[in-house]
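*Asks:* how would this look folded up:
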Amino acid sequence: MEAFRSHVEWCRRHFPIVRLAEGIQRLRQGTLTSTHIALTFDDGDIGVERLAYPILQNLGAPATLFLCGSFLDTRNVNWLLKVLHLIQGGHEAAVRTLFSCDEPHLVRALRTSPDRRVYERLDALDALWRQVALPPLGEVSLHRQFLRQDGGRLLDLGNHSLRHVKFSWLTYDEQVAEITRNQEALSEFPNVRPLFAVPYGTPPDWNADTPKICQSLGLEFLSAHGGANRGDRPSVEVLRIGADHVAPGTFGDWFCMTVGEAMR
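*Replies:* Numbers count the residues shown, from 1 in each chain. Predicted coordinates for the structure are as follows:
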């Protein structure tokens, strides 16, 4: 945790830390006159509540959480973490058979696959994950009570899709459903901002429909590593720099510093 604290302290020493929604608004208004940083966390892991939040609170550093509403208050996890859990539990052969995958790096192959058939087999993956004997995961997801109370004063919330699937696998209507159903799941929280961070985030993980859908829903579209918001309004490029392995296994393995030439 000291590594995470030192990262946030470094950010605070060198740049003003701004809430992401505020930073984007000020960019559009032309009132952001120096480089700023916005801290963001993806997925909604319990480590944000138990480990990261006390440090953010102590340092007075706001952040934005991009959440998948279907995982809150549950021991459920996204499909890729289920694959990892199954492999670690000795069931790699069953996963390979399920996805008909003989690539040497199984997780990477499934994560980067452009083949929609991976998506079509996710229900079968859920069934396998429930059926086989696996070490218990324990608590893995944020609590709604935390988000309503303590977290709500320092943390903004954004949309990260309902189930954290790869959007380039989805039809237009499926993408709309993933976003709108998650927006409904998060609607109980007053600190939700009109932001959508596409799962995984790199260009192969989404397609031309995704920014258009976000614009139609009034949401800012954010991708990783230089993805830009496109549409009729002036584009704002927000670079999401993954801080991988700051505290492995505690924040979904990363937090992001949203910065950029951008943010000035």
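*Asks:* alpha carbons only for contacts and neighbour counts from here, please
*Replies:* Fine.
*Asks:* pretty sure Trp206 is touching Lys212, no?
*Replies:* No - taking contacts as CA atoms under 8 Å, Trp206 lies outside contact range of Lys212: 11.3 Å.
*Asks:* Where does pLDDT dip in the stretch 51-200 of the chain?
*Replies:* For the stretch 51-200 of the chain, the stretches with pLDDT under 70 are 150-152.
*Asks:* Which strand residues bridge Leu157?
*Replies:* Leu65, Val192 (DSSP bridges).
*Asks:* need the contact list for the nearest residue to Asn207 once chain neighbours are set aside.
*Replies:* Excluding its sequence neighbours, the residue lying closest to Asn207 (CA to CA, 6 or more residues apart in numbering) is Ser168, at 5.4 Å. Ser168 makes contact with Pro114, Pro204, Asp205, Trp206, Asn207 under the criterion CA atoms under 8 Å, 6 or more residues apart in numbering.
*Asks:* want to try a markdown table for those, with distance to Val107 and secondary structure as columns?
*Replies:* What follows is these, written out as a markdown table (distance: CA to CA, whole Å; DSSP: H, G, I helix; E, B strand; the rest coil):
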| residue | distance to Val107 | secondary structure |
| --- | --- | --- |
| Pro114 | 14 | coil |
| Pro204 | 16 | helix |
| Asp205 | 15 | helix |
| Trp206 | 19 | coil |
| Asn207 | 22 | coil |
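*Asks:* Looking at pLDDT only, which of the residues you listed scores worst?
*Replies:* Lowest pLDDT within these is found at Pro204 (88).
*Asks:* Can you tell me the element the residue nearest to the spatial centre of the chain falls in?
*Replies:* By CA atoms, centre = their mean, the chain has its centre lying nearest to Asp42, at 2.8 Å. For Asp42, the host element (DSSP states H and E) is strand 38-43.
*Asks:* what about that strand, distance to the chain center?
*Replies:* 7 Å (CA atoms, centre = their mean, to the nearest Å).
*Asks:* tell me what that strand is packed against?
*Replies:* helix 20-29, strand 63-67, strand 254-259 (3 or more CA pairs under 8 Å, 6 or more residues apart in numbering; DSSP states H and E).
*Asks:* Check which residues of the following helix or strand past the second one are buried.
*Replies:* Of the helices and strands lying after strand 63-67 in sequence (DSSP H and E), the nearest is helix 79-88. Within helix 79-88, the residues that count as buried by 16 or more other CA atoms under 10 Å are Trp79, Leu80, Lys82, Val83, His85, Leu86, Ile87.
*Asks:* now stretch 135-149
*Replies:* For stretch 135-149, by 16+ other CA under 10 Å, it's Val140, Ser141, Leu142, His143, Leu147.
*Asks:* Quick one: residues contacting the fourth one.
*Replies:* The contact partners of His143, taken as CA under 8 Å, 6+ apart, are Ile46, Leu72, Asp73.
*Asks:* Now for those, which sits with the most neighbours around it?
*Replies:* Leu72 (22 neighbours; other CA atoms under 10 Å).
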